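[1] structure for the following, please:
(chains A and B)
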There are 2 protein chains.
Amino acid sequence: MIMDPLLFLPGPTYVPHNVRIAQAKPLVGHRTKHFRSIYRETVDLLKDLMYTENDVFILTSSGTGAVEAMIVNIVNEGDKILVPVFGAFSERLCEIIRIFGGTPIPLRYEYGKGPTYEDVKEAIEKNDDLKAIAIVYNDTSPGVTVRDLPKIAEYSKNEGILVLVDAISIFGGDKLLVDEWKIDVLVAASQKCLASPPGLAFISVSNDAWNVIKSTKKRAYYFDLEKYRQFDRKNETPFTPAISLLYALNESIKTIMDIGYSEWIRNHEKRANIIYEELHKMGAEPFVEKDFRSNTIISFAPPKGIKPSYVVDIMASKYNVYLARGMGPLSEKIVRVGNMGYIGIREIRLLIELLSEVMGISKSR
Amino acid sequence: MIMDPLLFLPGPTYVPHNVRIAQAKPLVGHRTKHFRSIYRETVDLLKDLMYTENDVFILTSSGTGAVEAMIVNIVNEGDKILVPVFGAFSERLCEIIRIFGGTPIPLRYEYGKGPTYEDVKEAIEKNDDLKAIAIVYNDTSPGVTVRDLPKIAEYSKNEGILVLVDAISIFGGDKLLVDEWKIDVLVAASQKCLASPPGLAFISVSNDAWNVIKSTKKRAYYFDLEKYRQFDRKNETPFTPAISLLYALNESIKTIMDIGYSEWIRNHEKRANIIYEELHKMGAEPFVEKDFRSNTIISFAPPKGIKPSYVVDIMASKYNVYLARGMGPLSEKIVRVGNMGYIGIREIRLLIELLSEVMGISKSR
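    Below is the predicted model:
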């Protein structure tokens, strides 16, 4: 392979050279002042990006580890949790709740649609003993963003239930204001819109969430958030963290801050608009209804007669460019383009050019 | 700081440049053939180092995550597990068993001693309803190695109980033969004797362990070993792994293989012997009884009148050389030297030189 792989995956995403090389710094002990200083700085930067004063912890795990941490620390046996289900990751949320003894109350949608404020309000009205709503802000599997999240969160809080949000595939790539939107627990990860390597996950925890966590029966050790809080007070983590990944994360957030966070977010939107527009010109229609379209994962059905697997395979084998197919039932229905992190307009133009060629070749077969 | 930190910590350890730089390679998707090939190769290399035909999985977590995986997949509510307790990590094993509903049967030792075959045999004879023995091969907190592990494991297997081993701080640095010793579940980690950065943990699972896992009530998602097995069949991991850490691990194991694994292990022993001998000459006596001394963590009590914290602090502040104090009750009793991974005799000589100077300075104050 001569050309470096070009990733338009829904994570991991392209990681710029300065971030990758930051990992190569010599290791330090995780109980030393050098570690404490990079830990504190990085957590504080994450808080800035999340717009929160809540506690934020860095876990050494994939994003799913943080989702587990969110559930196992909050949910007791028998607790009812409302879960809008509109993709594989909202299904996963239900499964995790079930494994830890909770009862997910699913609010189901056809793939390509997502929950609105009105639906959720109605569901909460119908279920008067909910402990929380657990919601995926951006479900990666169809590429659906819940645009009503701020209103949903506010309503839920007013009804006295906790707001748990999986923002893994959108944090850093679209608007997200943890405190203003009243999100109690938020989970995110390093390898998506922050353009950092995979292996770190983040979780923010509000005071209301802490009050619940205090009374939750402990069935976690590695993901026990009280341990993270206790060590955070010393600017440390309870268990050996992935130190070299922390170096990378620190560097990637500083890169984002240099560009300007609002600019960084706007770039995601601009690129998304170009991709949707150009796909439309090629006869490749967005899979998701207009009001729910994601800026970070663009899913589309290729023009008639062209299989998603064909598009994805040719892009990979001929050009070393990586897109994703749909997950599960969507695997031969859609192609997904990860539009996350540090991608330039130049790469977007290249993507369009290659997609139009590949889909053209296929048409003329 | 001009000099790179020199780590004689019980993890993370010194990571050579080629391993650190391996992390900087461009990312690939974790559902691509590029990933599958490095995944398969690395897992197979780990199996070689463990001398096992059992399944081996790589988890994105610290070693403690893998300990949790070992316990939560094996232990049902009420199960009795024999645990020799001789340091902080064997205490932790009890705590994790308790959190997941099991009943640890502790076999306690004074710090500085460890379990023998005879003790364990007697304990197993006294408890006829044990499901497993969970044992730390090398407890990092006092620096105790269980030299009788092969006999303990064999006896336990003959009595029909599972053998669960935490080998985190010794795997790669001392003798360890998973299949020959009849170890059912072994956990280890990247940042110790393999001289790789922290963030990956390993777990091996025998057929007997799988038979138990099948009937264990699922209370894990991120650490559900059946998921890892299912994805391993496709040379993948169930959740996004720390890909850049996998690059490093692959490189570090190849470095070890180039040196020769037996040679690599022998180097740990040789270095340990030199350190113990030189410390003795300085009047710094090993904390651990002769039969239980670790080659990977050398703990010693400084000469009379010199505080461990003084030694550790001066080494760090003056020379950027990192040692550890004891944990918990041992914090002002011992200094611990991590002798793990890719350390040369040159660095050992330097360590001796600096220790003798620092402990000398202190004496003449």
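[2] thought residue A:334 was touching residue A:298?
    No - contact criterion C-beta atoms under 8 Å: residue A:334 and residue A:298 do not qualify, at 9.8 Å. For every residue, glycine as well, the C-beta is placed using N, CA and C.
[3] overlap in contacts of the two?
    Residues touching both residue A:334 and residue A:298 by C-beta atoms under 8 Å, 6 or more residues apart in numbering or on different chains: residue A:143.
[4] would you map the helices across chain A?
    Remark: helices assigned in chain A by DSSP state H are A:17-22, A:33-50, A:63-74, A:88-99, A:117-126, A:149-158, A:207-214, A:225-232, A:243-259, A:261-281, A:308-319, A:345-363.
[5] and the residue nearest to residue A:161 when sequence neighbours are not counted, what does it touch?
    Setting aside the residues directly before and after it, residue A:161 is nearest to residue A:130 in space (C-beta to C-beta, 6 or more residues apart in numbering or on different chains), at 4.9 Å. Contacts for residue A:130 (C-beta under 8 Å, 6+ apart) come out as A:80, A:81, A:82, A:105, A:124, A:159, A:161.
[6] again with residue A:156
    A:120, A:124, A:132, A:133, A:162, A:163, A:182.
[7] and the fourth one, how far from chain B?
    Summarising the geometry, the distance separating residue A:133 from chain B, computed by C-beta to the nearest C-beta, to the nearest Å, is 20 Å.
[8] not counting residues beside it along the chain, what's closest to residue A:137?
    Nearest to residue A:137 is residue A:167, by C-beta to C-beta, 6+ apart, at 4.4 Å.
[9] give me the pLDDT value at the one you found.
    Turning to residue A:167, the model gives it a pLDDT of 98.
[10] please apply the same query to residue A:3.
    76.
[11] can you count the residues close to it?
    Residue A:3 is flanked by 9 other residues according to other C-beta atoms under 10 Å in any protein chain shown.
[12] quick check: chain neighbours aside, which residue is closest to it?
    In space, residue A:3 is closest to residue A:320, 4.9 Å off (C-beta to C-beta, 6+ apart).
[13] what's the distance between the one you found and residue A:299?
    According to C-beta to C-beta, to the nearest Å, residue A:320 stands 22 Å off from residue A:299.
[14] of the two, which one has the most company?
    residue A:299 (28 against 16).
[15] any regions of chain A where pLDDT drops low?
    A:1-2, A:361-365 (pLDDT under 70).
[16] how does it look with 90?
    A:1-4, A:128, A:218, A:360-365 (pLDDT under 90).
[17] show me it divided up by domain.
    A:6-12+A:260-363, A:17-257 (automatic domain parsing).
[18] one step back: can you select the buried ones among the contacts of residue A:130 for me in PyMOL?
    The PyMOL command for the buried members of the contacts of residue A:130 (criterion: 16 or more other C-beta atoms under 10 Å in any protein chain shown) is given here:
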select buried, chain A and resi 80+81+82+105+124+161
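[19] which residues touch the nearest residue to residue A:194 once chain neighbours are set aside?
    Spatial nearest neighbour of residue A:194, chain neighbours left out: residue A:172 (4.5 Å); criterion: C-beta to C-beta, 6+ apart. Listed by C-beta under 8 Å, 6+ apart, the contact set of residue A:172 reads A:49, A:188, A:192, A:193, A:194, A:195, A:256, A:264, A:265, A:340, A:341.
[20] returning to what we had before: among the domains of chain A, which is the most enclosed?
    Sort these by mean neighbour count, taking mean count of other C-beta atoms under 10 Å in any protein chain shown, and domain A:17-257 sits at the top with a mean of 22.
[21] so which of the domains of chain A is nearest residue B:355?
    Judged by C-beta to C-beta, the one of those that comes nearest to residue B:355 is domain A:17-257, at 17.3 Å.
[22] so how far is that closest one from its chain's centroid?
    Here domain A:17-257 is found 9 Å from its chain centre; the criterion is C-alpha atoms, centre = their mean, to the nearest Å.
[23] same question for stretch A:348-365.
    With C-alpha atoms, centre = their mean as the basis, the mean position of stretch A:348-365 lies at 28 Å from the chain mean.
[24] before we move on, back to that, and the contacts of residue A:156, which of them are in strands?
    Taking DSSP state E, the ones among these that sit in strands are A:132, A:133, A:162, A:163.
[25] thought residue A:183 was touching the third one, still the case?
    No - under the criterion of C-beta under 8 Å, residue A:162 lies out of contact with residue A:183, with a separation of 9.4 Å.
[26] contacting residues around residue A:243?
    So residue A:243 contacts A:27, A:28, A:30, A:35, B:12, B:197, B:198, B:199 (C-beta under 8 Å, 6+ apart).
[27] residue A:274 reaches residue A:347, doesn't it?
    No - in this structure, residue A:274 is not within contact of residue A:347 by C-beta under 8 Å, at 11.2 Å.
[28] any idea how far the residue of the stretch 51-200 of chain A found nearest chain B lies from residue B:331?
    Closest contact between the stretch 51-200 of chain A and chain B, by C-beta to the nearest C-beta, is at residue A:199 (2.9 Å). Distance of residue A:199 to residue B:331, computed by C-beta to C-beta: 31 Å.
[29] now swap in residue A:111 and tell me
    56 Å.
[30] try residue A:72
    For residue A:72, the distance to residue B:331 - C-beta to C-beta - is 31 Å.
[31] I'd like the ones in strands among the contacts of residue A:156 as CSV, with distance to residue B:139 appended.
    Output for the ones in strands among the contacts of residue A:156, formatted as CSV (distance: C-beta to C-beta, whole Å):
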residue, distance to residue B:139
A:132, 40
A:133, 44
A:162, 40
A:163, 43
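[32] residue B:208: which of those is nearest?
    Checking these one by one against residue B:208 (C-beta to C-beta), the nearest turns out to be residue A:132, at 40.0 Å.
[33] contacting residues for whatever residue of the stretch 251-365 of chain A ends up closest to chain B?
    Nearest to chain B, among the residues of the stretch 251-365 of chain A, is residue A:322, at 5.1 Å (C-beta to the nearest C-beta). Going by C-beta under 8 Å, 6+ apart, residue A:322 touches A:5, A:6, A:7, A:8, A:9, A:315, A:316, B:28, B:29, B:32.
[34] so what sits opposite the third one in the bridge?
    Spelled out, it's residue A:7. Residue A:7 forms beta bridges with residue A:322, as assigned by DSSP bridges.
[35] got a list of what it touches?
    By C-beta under 8 Å, 6+ apart, the neighbours of residue A:7 are A:13, A:14, A:322, A:338, B:27, B:28, B:29.
[36] could you do the second one as well?
    For residue A:6, the residues meeting the contact criterion (C-beta under 8 Å, 6+ apart) are A:14, A:319, A:320, A:321, A:322, A:347, A:350.
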